[in-house]
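Visitor: Following is a predicted model, sequence given first.
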Amino acid sequence: MSLLSITVTALRNIVARGRCSTCVASQRLLSTDNHATGDDSGPLYDVVISGGGMVGCAMACALGHEALFEGKKILLLEAAPDKGELKLLPTYANRVCALSPASTALLDSFGAWEHIVGMRAQPVKRMQVWESCSDSMITFNKDNMQGTLAHIVENDVTQDAITRQLNKVKDRVEIRYETKVKKYKMPKPMSNMTKLDSPWVKLRLENGDALQTRLLIGADGFRSLVRESCNIHNMSWDYNQRAIVCTLQLPTQTENNVAWQRFTPTGPIAILPLDDEHSSLVWSTTPEDAKHLLALPNDSFVDALNDALWENSQKDSTAVYAGQLLDQLIRSISPAGTSTAGRQLPPHITGVDDNRGAFPLGLCHATNYVKSGVALIGDAAHRIHPLAGQGVNLGFGDVACLKNILTQAVKDGAGLGSILHLSDYERQRQRQIIPVMATVDGLNRLYRNKMSPLVLLRSLGLQTTNALNPLKDLIMSKAIA
Ligand SMILES: Cc1cc2nc3c(=O)[nH]c(=O)nc-3n(C[C@H](O)[C@H](O)[C@H](O)COP(=O)(O)OP(=O)(O)OC[C@H]3O[C@@H](n4cnc5c(N)ncnc54)[C@H](O)[C@@H]3O)c2cc1C
């Protein structure tokens with residue numbers, strides 16, 4: 001199974017949807033908001049969002065702050081308890097995300113970004129990516145970019161900022177914590193529906209309560225019950241890797257605004273700036289290695305990390321030699337060429353906080369993101385390797401796109417669960433997400449390979465890309481969109 005098959009299936013779906021205009025038209029009629037609701041299936045909501053992680057909360061907040069949703073009944077269901085207001089400790093949490101400018105803009109649109117800035121967020125001005133098997137590397141910095149590449153923010157801070165804004169629209173968005181959905185019942189397909197059948201999605205909660213909704217948004221993570229209940233095919237695989245996360249201590253330095261990533265044959269190591277004396281680690285490696293690293297005392301862990309960042313024993317001599325020749329060529333063509341020029345040395349890690357943790361890594365992709373009355377967002381629709389720091393950014397992209405599409409549906413007087421509008425959401429998001437997933441999956445596989453011809457190819461490719469500023473600008477503009 002490969003990402004090529006995801007792409008082919010997605011294209012097939014898009015074509016099939018385009019052909020089925022009569023289904024769409026009749027669905028639209030059924031989805032209008034004046035259908036009778038009187039049965040014993042519990043209260044009817046306009047929108048129910050199942051899952052209040054960062055993405056589900058952002059969705060609820062975006063709809064709650066949208067003027068055109070005034071008067072709509074919106075419900076957010078979250079299995080975990082309410083965490084209450086975040087009390088920031090002087091130490092950092094081990095889970096962080098690199099938030100792209102597009103995510104910042106979404107959070108800003110409903111007022112959450114200013115809370116994040118008021119708590120803590122570290123801007124990233126430069127990025128250096130290099131590998132252990134050759135001297136090739138690539139840098140992205142302000143010369144190639146306007147403004148900041150990303151902000152490193154603790155997940156708890158992002159979640160707290162969104163929740164604060166959500167609490168301001170409590171009259172519009174009802175939130176139920178410690179509420180797990182046990183079962184979803186999807187409406188019958190259009191062709192089998194009789195006049196007596198309800199077109200709404202029905203939910204049964206673990207506490208026995210029942211409710212129904214015109215639109216169910218599944219934001220319940222990569223093990224999504226919403227996706228499973230819709231019988232949506234999910235392509236998934238395990239990378240047989242764990243990501244070790246923790247907070248690192250650095251020697252005092254003037255400015256810490258560089259994100260570092262070194263590819264090694266067991267997986268990438270990322271060091272993301274938190275403040276001038278701390279960075280956050282995401283070290284992807286084999287499960288066996290992760291177990292060993294987690295068990296090490298702090299000093300030995302720091303030694304192992306510095307070795308992994310600095311050691312040269314895995315270098316492939318052919319790739320190094322070819323890289324030197326390419327470097328000379330680039331300099332002769334363009335004396336100001338940035339092949340390996342501009343290389344900075346990564347920081348020397350001096351200590352680690354007592355907050356090491358590890359997470360399994362895998363890929364999931366739902367063949368469809370929508371069904372009549374249902375939309376999937378965030379990890380429920382797509383789960384990606386963290387090496388490009390894109391997971392929650394893609395989820396926030398779903399939120400921005402779905403909010404616009406639902407707002408348009410309200411303007412058009414169409415039902416919120418109308419497949420006509422929801423298909424548009426799927427088309428727009430899959431067009432953006434599938435290429436990102438394919439690239440990230442490909443990079444992870446490419447850099448875990450130590451075969452000499454592959455090392456040579458990828459190192460020359462990286463070095464050439466690094467020398468071509470317009471290409472780098474293009475890569476970054478796609479990465480931060
Ligand atoms: C090590 C690591 C580093 C990462 N770094 C980055 C990064 O730098 N940048 C980036 O963009 N992304 C990053 N990611 C990815 C990012 O963390 C995820 O994409 C994001 O957290 C997914 O959010 P979500 O809200 O979609 O899902 P989740 O966080 O999984 O939330 C799902 C929610 O649904 C609730 N739920 C589940 N089932 C039910 C039910 N039946 N009823 C009610 N509630 C339910 C759960 O309690 C949970 O709160 C990283 C991931 C890892 C593992």
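Guide: Received the coordinates, thanks. Numbers count the residues shown, from 1 in each chain.
Visitor: Contacts only, for whichever residue of the stretch 51-200 of the chain sits closest to the ligand.
Guide: Going by CB to the nearest ligand atom, the ligand is nearest to Gly53 of the stretch 51-200 of the chain, at 2.3 Å. Placement of C-beta: from N, CA and C, glycine included. By CB atoms under 8 Å, 6 or more residues apart in numbering, the contact list for Gly53 reads Gln159, Ala219, Gly221, Gly378, Asp379.
Visitor: ok, now Thr163?
Guide: Cys57, Lys83.
Visitor: go on, Met59?
Guide: Ile49, Ile217, Ala219, Ile377, Asp398, Val399, Leu402, Lys403.
Visitor: Confirm it sits in a strand?
Guide: No - counting by DSSP: H, G, I helix; E, B strand; the rest coil, Met59 falls outside a strand, being helix.
Visitor: quick one: the residue of the stretch 51-200 of the chain closest to the ligand and Leu107, what's the gap?
Guide: 15 Å (CB to CB, to the nearest Å).
Visitor: ditto for Asn231
Guide: Counting by CB to CB, the gap from Asn231 to Leu107 is 34 Å.
Visitor: Look at these two and report which has more neighbours.
Guide: Leu107 (28 against 9; other CB atoms under 10 Å).
Visitor: That one contacts Val117, doesn't it?
Guide: No - applying CB atoms under 8 Å, one finds Leu107 not in contact with Val117, separated by 10.0 Å.
Visitor: any idea which helix is longest in the chain?
Guide: helix 419-447 (DSSP state H).
Visitor: hang on, the earlier thing: from the contacts of Gly53, which are also near the ligand?
Guide: Residues of the contacts of Gly53 in contact with the ligand (CB under 6 Å from any ligand atom): Ala219, Gly221, Gly378, Asp379.
Visitor: right, is stretch 431-448 up against the ligand?
Guide: No - Stretch 431-448 does not reach the ligand (CB under 6 Å from any ligand atom); its nearest approach is 10.8 Å.
Visitor: Can you tell me which of the contacts of Gly53 has the most neighbours?
Guide: That'd be Ala219 among the contacts of Gly53, by other CB under 10 Å, with 31 neighbours.
Visitor: isn't that residue right up against Met54?
Guide: No - shown here, Ala219 and Met54 do not form a contact pair, counting by CB under 8 Å, at 9.1 Å.
Visitor: Give the intersection of the neighbour lists for the two.
Guide: Gly378, Gly395.
Visitor: From Ala98, how far out is Ala121?
Guide: Counting by CB to CB - Ala121 and Ala98 are separated by 11 Å.
Visitor: Name the residue in these two with the higher neighbour count.
Guide: The residue with more neighbours, out of Ala121 and Ala98, is Ala98; 27 against 21, by other CB under 10 Å.
Visitor: tally of neighbours for the spatially closest residue to that one that is not a sequence neighbour?
Guide: Closest residue in space to Ala98, ignoring its immediate chain neighbours: Gly389 at 3.7 Å, by CB to CB, 6 or more residues apart in numbering. Gly389 has 24 neighbours, counted by other CB under 10 Å.
Visitor: what's near enough to touch Gly389?
Guide: Cys97, Ala98, Ala150, Ala270, Leu272.
Visitor: looking at the sheet around the second one, what are its partners?
Guide: For Ala98, the beta-bridge partners under DSSP bridges are Ile152.
Visitor: does it really touch Glu154, like I thought?
Guide: No - in this structure Ala98 lies outside contact range of Glu154 using CB under 8 Å: 11.6 Å.
Visitor: Mind checking which of the contacts of Met59 are in strands?
Guide: Judged by DSSP state E, these include Ile49, Ile217 as members of strands.
Visitor: Greatest separation within the contacts of Met59: which pair is it?
Guide: Largest separation among these by CB to CB: Ala219 and Lys403, giving 12.8 Å.
Visitor: residues near Thr252, how many?
Guide: 9.
Visitor: Over to Leu294?
Guide: With other CB under 10 Å as criterion, Leu294 counts 14.
Visitor: Quick one: residues contacting it.
Guide: Counting by CB under 8 Å, 6+ apart, Leu294 touches Ile244, Arg356, Ala358.
Visitor: would it count as being in a helix?
Guide: Yes - Leu294 forms part of a helix when assessed by three-state DSSP.
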